[in-house]
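Participant: What follows is a predicted structure for the sequence shown.
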2 protein chains.
Amino acid sequence: MPEQRFTSVWTREHKPRRAQQGLSREQIVRATVELLDAEGMESLSMRKLGAKLGAGATSLYWHVANKNELLELAMDEVFGAVRIPASDSWREVVGNVAWGLRAAILAHPWFTFVLGSLPALGPNAMNCSATLCAALARAGFQKHDIDYAGAAVLSYTVGATAPEAAYTSALKRRGITMEQAQRDLAPAVEKVARAHPEVHARFQEAVESTIDPLAHRQLAFDFGLVSMLDGLAMRLPKSADMSSNHQTH
Amino acid sequence: MPEQRFTSVWTREHKPRRAQQGLSREQIVRATVELLDAEGMESLSMRKLGAKLGAGATSLYWHVANKNELLELAMDEVFGAVRIPASDSWREVVGNVAWGLRAAILAHPWFTFVLGSLPALGPNAMNCSATLCAALARAGFQKHDIDYAGAAVLSYTVGATAPEAAYTSALKRRGITMEQAQRDLAPAVEKVARAHPEVHARFQEAVESTIDPLAHRQLAFDFGLVSMLDGLAMRLPKSADMSSNHQTH
DNA sequence: TGGGGTCTCGTACAGTGTTCGAGGTCACTC
DNA sequence: GAGTGACCTCGAACACTGTACGAGACCCCA
């Protein structure tokens, strides 16, 4: 087996070319994000992207080594859209980053696919995790616990938001309403109800609920986020921060 | 726009054919899991799968409507491998399910890709979330909080384990050692170090650390899981369970 | 007038998921 | 035994995909 290398856009250096005319890397990345937002991950092809830019598909390969590099760049573009808050309260900083990341994922549902397959080494991603860790360090976490706590919040945020984004965007793109989807899934739920009656009961509750589904999902996210933050607060060496029951939103 | 339907393997009914000869659905699903484990998500093709079974690619379409259905079935197969614990302590049940799911994801890194794109409506997935919710209900959570708490634990578990599985399996499949990867990433980290020196310091610590990287990742996962469980325990209406500081593993 | 770097792109290759329809193999009935 | 219809397999074809390669175009500078 030949000693392979682990590569990424961020390990090659890249001199920005004269932005005179023709294509530029920034322009290509912007178009990529737009196309992904509009049509989703599996509809992005180099030919379509080229056409959108009024260029041939293979012209893109001058500015970018391959499709994966393009996706890495697009991912970091989304990380860049996460607003980084400034505050003295670590709970506020961490909570705001989590909600910001959630908003970014919901706006760009393809994001988590890229995050799951390619390393996030871009400057904006680094900036995100750095502010998180800085806040946690200031809060009083020590050494490895800083990384652990930061990773825990990011993991929960991504894990909670990704399927939500995938589901809602899949429905929207295919022109299916939420009610239609629930109606279509009813038989499958019915089948499972025999083994787990209490699951069925809660599903019915959800269907007949009068709360706005969007508000419902926000409540669910907040519940988990607040729980995580409270649990982290318990792990602070000296109980410096005791405002554990504040809502983050 | 024509009123589309939201479909899934689990919404169609399926009569298991006579298992006499030729292909069967179970056999195909087993082979799918094997192929995905061995070569990863992007290397699964109907032609390869057919060849592995000694059949033509298009023969599979008699037993399964399309590739997505196949992936749904494979996903539920993995859910079925999660051992469901029996215990009176809700923390033990929830913790064990989380660790079991983590083990399943690490053994089948393609799992989270499917989970992210297709609905998990299979019986084994339902069983998993049902035991989780049953334990949480017994613990004292009420109504929606049961779902919220269950979703929080699953979200954290998936969000924390998925990138870990993706990274380690990508390295293994391409024959790259962990040390080699860290060496390859060094220039990118170096570049970011200028903006965030404290990130660089912790990265160096991690590289030079003498702890086994596997143990390190397990510690990180446990840190977040215990934090989440502690935070959930705080949300129990009457403080029925106060054993908040026990480790789960 | 000549390079030489920078950039575009047509062609080609090996692969993909899936449709269609022709055919083959049974178990059962007349 | 002949015939029928359900069950199952599969070759060919279609419209795609990512990207390697090499031919050319443009522009700046000597």
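Facilitator: Received the coordinates, thanks.
Participant: Could I have the CA atoms of the one helix or strand A:Phe221 maps to written out in CSV?
Facilitator: For A:Phe221, the host element (DSSP states H and E) is helix A:213-234. In CSV, the C-alpha atoms belonging to helix A:213-234 read as follows (Å, rounded to 0.1, in the frame of the first residue of the first chain):
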residue,chain,number,x,y,z
PRO,A,213,-44.5,22.7,14.7
LEU,A,214,-41.7,25.2,14.3
ALA,A,215,-42.1,26.4,17.9
HIS,A,216,-42.3,22.8,19.0
ARG,A,217,-38.9,22.0,17.4
GLN,A,218,-37.3,25.1,19.0
LEU,A,219,-38.6,24.1,22.4
ALA,A,220,-37.1,20.6,21.9
PHE,A,221,-33.8,22.1,20.9
ASP,A,222,-33.7,24.4,23.8
PHE,A,223,-34.6,21.7,26.3
GLY,A,224,-31.6,19.7,25.3
LEU,A,225,-29.3,22.7,25.0
VAL,A,226,-30.2,24.0,28.5
SER,A,227,-29.8,20.5,29.9
MET,A,228,-26.3,20.2,28.4
LEU,A,229,-25.3,23.6,29.7
ASP,A,230,-26.6,22.8,33.2
GLY,A,231,-24.7,19.5,33.1
LEU,A,232,-21.5,21.3,32.1
ALA,A,233,-22.0,23.9,34.8
MET,A,234,-22.0,21.1,37.3
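Participant: Can you list the helices and strands that it packs against?
Facilitator: helix A:90-107, helix A:144-173, helix B:144-173, helix B:213-234 (3 or more Cβ pairs under 8 Å, 6 or more residues apart in numbering or on different chains; DSSP states H and E). For glycine as for every other residue, the C-beta is placed from the backbone atoms N, C-alpha and C.
Participant: Can you report how many residues lie near A:Ala137?
Facilitator: By the criterion of other Cβ atoms under 10 Å in any protein chain shown, A:Ala137 has 18 neighbours.
Participant: how much space between the closest residue to it other than its chain neighbours and DNA strand C?
Facilitator: Spatially, and ignoring its direct neighbours in sequence, A:Ala137 is nearest to A:Ile146 (5.1 Å; Cβ to Cβ, 6 or more residues apart in numbering or on different chains). A:Ile146 sits 41 Å away from DNA strand C, going by Cβ to the nearest atom of the strand, to the nearest Å.
Participant: Same check on A:Leu23?
Facilitator: 4 Å.
Participant: Correct me if wrong: that residue contacts A:His63.
Facilitator: Yes - here A:Leu23 reaches A:His63: they are 5.9 Å apart, a contact under Cβ atoms under 8 Å.
Participant: for chain A, which residue is closest to the average position?
Facilitator: Nearest residue to the geometric centre of chain A (Cα atoms, centre = their mean): A:Ile105, 3.7 Å.
Participant: mind listing what's buried in the worst-scoring helix or strand of chain A on mean pLDDT?
Facilitator: One helix or strand of chain A scores below all others by mean pLDDT, DSSP states H and E: helix A:197-208, with a mean of 78. Residues of helix A:197-208 classed as buried: A:Val199, A:His200, A:Arg202, A:Phe203 (neighbour count, 16 or more other Cβ atoms under 10 Å in any protein chain shown).
Participant: Same check on stretch A:54-63?
Facilitator: Buried, per 16+ other Cβ under 10 Å, within stretch A:54-63: A:Ala55, A:Leu60, A:His63.
Participant: Let me have those in TSV, extended by distance to B:Leu185 and secondary structure.
Facilitator: Listed next are the buried residues of stretch A:54-63 as TSV, based on distance: Cβ to Cβ, whole Å; DSSP: H, G, I helix; E, B strand; the rest coil:
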residue	distance to B:Leu185	secondary structure
A:Ala55	32	coil
A:Leu60	25	helix
A:His63	23	helix
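Participant: which one among those gets closest to DNA strand D?
Facilitator: Closest approach to DNA strand D among the buried residues of stretch A:54-63 (Cβ to the nearest atom of the strand): A:Leu60, at 7.9 Å.
Participant: dump the residue contacts of the closest one.
Facilitator: By Cβ atoms under 8 Å, 6 or more residues apart in numbering or on different chains, the residues touching A:Leu60 are A:Leu23, A:Ile28, A:Met46, A:Leu49, A:Gly50, A:Leu70.
Participant: In contact with the closest residue to A:Asp230 other than its chain neighbours: list those residues for me.
Facilitator: Of all residues not flanking A:Asp230 in the chain, B:Gly231 sits nearest, at 4.0 Å (Cβ to Cβ, 6+ apart). Contacts of B:Gly231 were listed using Cβ under 8 Å, 6+ apart, and they are A:Val226, A:Ser227, A:Met228, A:Leu229, A:Asp230, A:Gly231, A:Leu232, A:Met234.
Participant: do the same with A:Gln27
Facilitator: So A:Gln27 contacts A:Leu53 (Cβ under 8 Å, 6+ apart).
Participant: Show me how chain A divides into domains.
Facilitator: If you go by automatic domain parsing, the domain ranges for chain A are A:19-64, A:81-175+A:211-234.
Participant: Endpoints of the last one, how far apart?
Facilitator: Criterion Cα to Cα, to the nearest Å; first-to-last residue distance in domain A:81-175+A:211-234 is 31 Å.
Participant: to the chain's geometric centre, what's the distance from that domain?
Facilitator: Centroid separation for domain A:81-175+A:211-234 versus its chain: 7 Å, with Cα atoms, centre = their mean, to the nearest Å.
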